[in-house]
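> Next one to model:
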Amino acid sequence: MTLLRTVSEQPPASGVRQGKGEGRRLTRLTLGVLLLAGIAQVQAAVELKGWLEWVHEVQMRVLENGLVQEVAVSAGQHVGKGALLLRMDQREAQARVLEARARVARSLVEVEDAERALARAKELFDRGLIASEELKDAELAQTAANAEAQAAAATEAAAAVALEHTELRAPFDGIVVARNAWNGAVIYKTLQQEPLILFAPDDRMLARALVPINVLRSFQPGQAVKVRVNGALREARIYSLGVQAVRVEREGAVYYLDAIFERRPNEFLRPSETAQIIAP
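Numbers count the residues shown, from 1 in each chain. Predicted structure coming up:
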């Protein structure tokens, strides 16, 4: 602006009179530059109104039929990775684990017996006291004992997995978004219309805005932006650009534009709160 005034106010060179046409041309040039500068200022700070969302939500369901024994969390509770969320009645699953362990113990004893019998048969065969068929029978018995031991170990592993499936634990640090189970409820694994626990990470959140396609094209994934939440500006980056239109209006289709930012410790933020995405 100072430069423009300096140019327009500079007196004409000695012996040269500035004509009215030239003055009008300078005036139009000055106005044009000012207009472009104003447009640049508008384009330099694009502010999109939007709202907050969780980065993603995990729907947690049990994989076995049973009775809910304990629900250890409530909606809105923050928990760490691995924390117990829900436990089913485990008595039947625990009994299967014990039975599988007993089978493993018996199979190991049978393997030891078969190995001793094979060693004795080899010794007798070397001394010429038994026929080769008896040695082969001992070898087959030892192979069968090893196979049984492997099957018993597999059964124990499956029983242990089934026992794990009677519990829901937090897959990461996060927040309980919804709780749809209570102590004493009977759950069928094929009839869980709603997740028993809805869980989301709470260390980051999304600021989401609806934008037309021309605005969407002006952003790139990973682009640095700012997000205004509760009057404070946060450093953020573009997380995703909408692929499918949310809806089609008279002016055209609109899409989601998501910016991700870090949530501060002990900060109370919830989806649907007002937010703004500000692009430089």
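> Phe261 touches Ala207, doesn't it?
Yes. Counting by CB atoms under 8 Å, Ala207 is a contact partner of Phe261 at 6.8 Å. In short, each C-beta sits where N, CA and C put it, glycine included.
> Looking at the two, which is more packed in?
Neighbour comparison, Phe261 and Ala207: the larger count goes to Ala207, with 29 against 23 (by other CB atoms under 10 Å).
> now the more buried one: how far from Ala259?
5 Å (CB to CB, to the nearest Å).
> Find residues that contact each of these two.
Here Ala207 and Ala259 share the contacting residues Val227, Ala236, Ile277, scored by CB atoms under 8 Å, 6 or more residues apart in numbering.
> Reformat the residues you listed as JSON lines; add distance to Asn180, pLDDT and secondary structure.
Below are these laid out as JSON lines (distance: CB to CB, whole Å; pLDDT from 0 to 100; DSSP: H, G, I helix; E, B strand; the rest coil):
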{"residue": "Val227", "distance to Asn180": "31", "pLDDT": "97", "secondary structure": "strand"}
{"residue": "Ala236", "distance to Asn180": "32", "pLDDT": "97", "secondary structure": "strand"}
{"residue": "Ile277", "distance to Asn180": "33", "pLDDT": "97", "secondary structure": "strand"}
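> Go through those and say which is closest to Val246.
Nearest to Val246, judged by CB to CB, of these is Ile277 at 15.8 Å.
> so what's the closest one up against?
Glu47, Leu48, Gly50, Ala207, Ala209, Val225, Lys226, Val227, Ala236, Leu257, Ala259.
> The residue nearest to it when sequence neighbours are not counted in helix, strand or coil?
Spatial nearest neighbour of Ile277, excluding adjacent residues (CB to CB, 6 or more residues apart in numbering): Leu48 at 4.4 Å. Recorded secondary structure, Leu48: strand (DSSP: H, G, I helix; E, B strand; the rest coil).
> Correct me if wrong: Leu48 contacts Val215.
Yes. Counting by CB under 8 Å, Val215 is a contact partner of Leu48 at 7.5 Å.
> Can you pull the residues that touch both of the two?
By CB under 8 Å, 6+ apart, the residues touching both Leu48 and Val215 are Leu257.
> what about the two, which has more around it?
Leu48 (20 against 16).
> Quick check: pLDDT value at the more buried one.
Per-residue pLDDT puts Leu48 at 96.
> That one: what's it in contact with?
Ala209, Val211, Val215, Leu257, Gln276, Ile277, Ile278, Ala279.
> helix or strand for the fourth one, which one?
In this structure, Leu257 sits in strand 252-262 according to DSSP states H and E.
> Paired strands for that strand, with orientation please.
Partners of strand 252-262 in the sheet, by DSSP bridges, are strand 204-212 (antiparallel), strand 232-241 (antiparallel), strand 247-249 (antiparallel).
> lowest-pLDDT helix or strand in the protein?
Within the chain, no helix or strand scores below helix 2-9, which has a mean of 36 by mean pLDDT, DSSP states H and E.
> coming back round to it: please work out which residues outside the strand holding Leu257 touch it.
With contact meaning CB under 8 Å, 6+ apart, strand 252-262 is reached by 48, 50, 53, 55, 203-213, 215-216, 219, 225, 227, 229, 234-248, 277.
> May I see the buried residues of it?
Val254, Tyr255, Tyr256, Leu257, Asp258, Ala259, Ile260, Phe261 (16 or more other CB atoms under 10 Å).
> Which of these sits closest to Gly174?
For those, the residue nearest Gly174 by CB to CB is Ile260; the value is 15.2 Å.
> Much appreciated, bye for now.
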